[in-house]
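>>> Okay, here's the prediction I keep looking at, along with the sequence it came from:
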Amino acid sequence: MLDFDSAQSRLAAAGGHPSITENCPLVQARGRVLAQTLFATLDLPPADNSAMDGYAIRHADYEPGRSLPVQQRCYAGVKPQALQPGNTIRLFTGSLLPEHADTIVMQEDAEEVDNALTIHRPPAKGAHIRYRGEDIRAGDQVFAKGTLLGASQIAMLASQGYAELSVYAQLKVGILTTGDELVNPGQPRGDEHIYNSNGAMLAALVENMGARAVHVLHALDTEASLHEAFETLLQDCDLVLTVGGVSVGEKDLVKPAIEQFGGTLDLWRVSMKPGKPVALAHAANKPIVCLPGNPVSAFAVFTTLVSTLIRSMQGRAQVMPILQYGRLCTQKTFNDSREEFLRVSARPDASGVMQLTPHTQQGSGIISSLSWASGLARIPANTPVQDGAIVPYYDFQHWLA
Ligand code: AMP
Ligand code: MG
């Protein structure tokens, strides 16, 4: 048996770094991974400007009760004139600061009558100005290679004028479900059949991480069917995920099928519940991860183990998402010889501490518990764990992103 942490770090290191890059328009870059470290092309903001709707003055011109003629009304997007001594220029949020102005008076602190301004409250010198370069300086590093691009990164890159980015090619993942008892949704189902949940589930998990599920194949529990599927998958994909057929049952033929392609099995039987039978192999220089067949087990193994491998093969700098902690909320005592990953629903209590309530049915066949849960609570092996214990919490929002 391999302990969970070793399995996780070995899987995270089991794939290669992406080698193919492509150019991607900024507006389509969400979910892609930067293949190049990017630097600021300009100061941000590029020029001093107003943070308020108001009036630009020279601070030295202020005297209580003095009226300043309004020299210009300068909207955002218009070039201001140089401010004349004793005058003011009407500005709006984002208007450029006129030359010789050093202070903005908020419109709420002043009154304009017949094109002349009276200021009611003594202004602080330098107030309400956004200074050139206060956000970022030309030449500063904006984002390192390996950054996952989301809305906030895209906003930053847009502000720097980047219209196209060099990103890694999307990881191509092949999915293989196995089992004579399975039929795909939409096909006729006999009493001896169940619908194939894992194919669609894994495709969704893969696509949700910004990778492409290029094949979702199903093989019968025969050597020939498995062989044919592996031929396609190893040809077209960077990573292959198989589900089911890796135990020690008579029909567990995935292992021999991989061996036929020269694959060597790297690890076997992770000490985790659900999910014991997990295997890692390499064939044709590509990693193959064999997941347990039960959909709940496959989901847990994908979340905690496979997602790290995918992030690393995508070239992402952050392979391990943040791990949170929460307080277990239960009437049971948990104690197992394997580490247990409970499906839990996390809710903060009144003081903000995360309360982790386990689903009442923790069997690996309970598919309904997956959509109920917000993540997995990790229970150590061989240690009785009860209500109130603080345990690691793998939030799906972080671990499946
Ligand atoms: P196996 O590891 O192939 O023995 O599968 C373990 C359990 O998971 C069995 O009850 C299978 O019927 C079930 N199972 C395997 N693959 C799938 C799938 N794609 N969808 C739903 N259930 C599955
Ligand atoms: Mg099977």
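Now that the structure is in, tell me what you want to look at. Ligands and ions are numbered 1, 2, ... in the order given.
>>> got the residues of this structure near ligand 1?
With CB under 6 Å from any ligand atom as the criterion, the chain meets ligand 1 at residues 177, 179, 181-182, 194, 196-199, 243-245, 247, 249, 292-295. In short, each C-beta sits where N, CA and C put it, glycine included.
>>> List the ones among those residues that fall in strands.
Within the residues of the chain next to ligand 1, residues falling in strands by DSSP state E are 177, 182, 194, 243.
>>> just to revisit the earlier point, buried subset of the residues of the chain next to ligand 1?
Buried members of those, counted by 16 or more other CB atoms under 10 Å: 177, 179, 182, 196-199, 243-245, 292-295.
>>> burial measure for residue 332, as a count.
13 (other CB atoms under 10 Å).
>>> As CSV, the buried ones among the residues of the chain next to ligand 1 with distance to ligand 2 would be great.
Formatted as CSV, those follow (distance: CB to the ion, whole Å):
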residue, distance to ligand 2
177, 9
179, 4
182, 8
196, 11
197, 13
198, 10
199, 13
243, 9
244, 4
245, 5
292, 10
293, 5
294, 10
295, 12
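>>> So, low pLDDT: which residues of the stretch 101-250 of the chain?
Scanning the stretch 101-250 of the chain for pLDDT under 70 picks out no residues.
>>> same thing but at 90, please
246-250 (pLDDT under 90).
>>> Identify the residues contacting the helix or strand encompassing residue 173?
In this structure, residue 173 sits in strand 172-178 according to DSSP states H and E. Contacts of strand 172-178 with the rest of the structure, by CB atoms under 8 Å, 6 or more residues apart in numbering, involve 196, 198-199, 202-203, 206, 211-221, 226, 229-230, 232-234, 236-245, 253-254, 293, 310.
>>> same thing with stretch 50-61?
Defining contact as CB under 8 Å, 6+ apart, one finds that stretch 50-61 is touched by 68, 70, 80, 83, 85-98, 100-107, 109-110, 112, 117, 119, 123, 125-126, 128-130.
>>> go on, stretch 144-163?
With CB under 8 Å, 6+ apart as the test, stretch 144-163 has contacts from 25-27, 29-38, 40-42, 44, 136, 142-143, 165, 167, 210, 315-318.
>>> could you redo the last one with a cut-off of 7 Å?
With contacts defined as CB atoms under 7 Å, 6 or more residues apart in numbering, stretch 144-163 is touched by 25-26, 29-38, 40-42, 44, 142-143, 165, 315-317.
>>> swap in stretch 7-17?
The contact list for stretch 7-17 (CB under 7 Å, 6+ apart) reads 239, 267, 270, 278, 280, 287, 304-306, 308-309, 312-313, 315, 319.
>>> pLDDT averaged over that stretch - what is it?
Predicted confidence along stretch 7-17 averages 94 (mean pLDDT).
>>> Mind listing the strands the strand holding residue 173 pairs with, and their directions?
Here strand 172-178 is paired, per DSSP bridges, with strand 212-219 (parallel), strand 239-243 (parallel).
>>> Would you tell me which one of those strands is buried the most?
The highest mean neighbour count among the strands paired with strand 172-178, using mean count of other CB atoms under 10 Å, belongs to strand 239-243: a mean of 28.
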